[in-house]
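Engineer: Using only what follows, build the 3D model:
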Amino acid sequence: MRKNSFTEGVQQYRDLLVKKGKFSTAKSYQDALNSLIRFFGRDGIAYNDITRTNLHRYQDDLLKRGLSRNTVSTYMRRVRCIYNQAVENEKAPYVPNLFKGIFTGVESCRKKAVTQEEIRRLITAPVRNPGLRQAQLAVTLMFQYGGMAFVDLSHLRARNFQKGILDYKRQKTGTPMRILIPEATQSPFQVLSAHTHPDSPYLFPFLSGTKKGEAAYREYTSSLARFNRDLKALAQATGVSSLVSSYTIRHSFASILKELDVPIEMISELLGHKSIKTTQIYLKSFSLEKMASVSRMCFESVCVCEAE
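Structural biologist: Below is the predicted model:
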C-alpha cells in the first residue's frame with residue numbers, strides 16, 4: 001500500500017477516532033473503506049482513484065447491491081471527508097464539483113413503530129424463558145424511564161439514582177437527563193438487577209464493566225445484538241407481528257405520546273433531543289388511523305354545515 005494513499009488516510013483518521021473513544025464513528029469509516037475496497041477489488045486505493053466517474057459507478061454499485069440511500073449517503077460522506085482532508089493537506093488535487101450528483105443527504109422515511117396494544121403485550125404477556133423475561137423487563141423499564149435508549153439503560157449505575165430521581169447523561173449526545181422514578185418501576189428494577197454480577201459497576205446484567213476502550217464498545221455491540229435477538233423472540237412468543245428492535249421500542253414510546261396529543265416540546269425533552277427539529281424528523285408522520293380520523297372529522301364537519 002502506497003504512503004499518503006486514500007486507504008492510509010482512512011486508517012489514520014479511524015485510529016484518531018478510536019483514541020477519542022468514538023468507536024461507532026470509527027467503525028463507520030472502516031465500513032466505508034471496506035466497501036470501497038470491495039468495489040475496486042484491491043486494498044490500495046489512491047486519491048487519484050476518487051474521480052467523479054468512479055464515485056458515480058460506486059454509488060450505482062451500492063444501490064444495485066440493495067443498500068439504502070441513507071447508507072450510501074453515509075459511505076459517500078465518509079469518502080468526501082477523507083478526500084477533503086487530503087486536499088487541505090496537499091495530498092490530493094482539488095477537483096471542482098467532485099461530488100456533484102452524489103447523494104450525501106438524508107432521505108426521510110416513515111419510522112417504524114409498534115402499536116400501543118403490541119407494546120402492552122410485549123410488557124405484560126407471561127413468558128417463562130429467562131432470557132425473554134429479562135428482555136421484557138428491559139422493555140418495561142425503557143418505557144417507564146421516558147423512552148430510554150438501550151445504550152443508556154445498559155450503562156446505568158447506582159449513583160444515577162438518588163432520592164427517587166434518575167439523573168444520567170445520554171451516551172450518544174451527553175445530554176443531561178432527569179426523571180422522577182415511578183413507583184411502578186420498583187418491581188421490574190429489582191427483578192432485572194438481581195441478575196447482575198455482584199462485581200459489575202452497572203445496575204443491569206447487560207455489560208460486565210471489565211472492558212475498556214474498543215473492547216468495551218465491542219462488548220456493548222454484542223449485548224445490543226443479543227438484546228435485539230431476544231426482542232424478536234419475545235415478539236414471536238407474545239403474538240406481536242411487527243418487527244421489534246431496541247430502536248422501535250424508543251420510537252414507539254414517542255409515537256404513542258404523539259397519538260395521545262402530547263406536545264412535541266415535551267416529547268422532545270423526554271427523548272433528550274437537543275433540537276426540536278430532531279424530534280420533528282423522528283416523528284415525521286402520524287399513524288394512518290390518526291390521519292384517517294382527522295380527515296373524516298373534517299369531511300363530517302363540512303357535511304354538517306351543508307345540512308344546516
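Engineer: which stretches of this protein have low pLDDT?
Structural biologist: 1-3, 108-112, 282, 284-297, 299, 301, 303-308 (pLDDT under 70).
Engineer: hey, where'd the strands end up in it?
Structural biologist: Using DSSP state E, the strands of the chain run over 161-162, 165-169, 176-180.
Engineer: now the residue nearest the centre of the chain: how far from residue 172?
Structural biologist: Ranked by distance to the mean C-alpha position of the chain (Cα atoms, centre = their mean), the top residue is residue 247 at 5.8 Å. The gap separating residue 247 from residue 172 is 12 Å, by Cβ to Cβ, to the nearest Å. All C-beta spots, glycine's among them, are computed from the backbone N, C-alpha and C.
Engineer: before we move on, back to that, could I get the strands of the chain as a markdown table with distance to residue 266 and mean neighbour count?
Structural biologist: As requested, the strands of the chain are exported to a markdown table (distance: least, Cβ to Cβ, whole Å; neighbours: other Cβ atoms under 10 Å):
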| stretch | distance to residue 266 | mean neighbour count |
| --- | --- | --- |
| strand 161-162 | 23 | 13 |
| strand 165-169 | 17 | 15 |
| strand 176-180 | 13 | 13 |
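Engineer: Out of the ones you listed, the one nearest residue 25 is which?
Structural biologist: The closest of the strands of the chain to residue 25 is strand 165-169. By Cβ to Cβ, the value is 18.2 Å.
Engineer: partners of the closest one in the sheet?
Structural biologist: strand 161-162 (antiparallel), strand 176-180 (antiparallel) (DSSP bridges).
Engineer: List of residues touching that strand?
Structural biologist: Residues outside strand 165-169 that contact it (Cβ atoms under 8 Å, 6 or more residues apart in numbering): 145, 152, 155, 156, 160, 175, 176, 177, 178, 179, 180, 181.
Engineer: looking at the strands of the chain, which is closest to residue 283?
Structural biologist: Taking the strands of the chain one by one with Cβ to Cβ, strand 176-180 is closest: 18.8 Å.
Engineer: unless I'm mixing things up, residue 26 is touching residue 14, no?
Structural biologist: Yes: because the distance of 4.8 Å satisfies Cβ atoms under 8 Å, residue 26 is recorded as touching residue 14.
Engineer: can you give me how far stretch 25-40 is from the chain middle?
Structural biologist: 20 Å (Cα atoms, centre = their mean, to the nearest Å).
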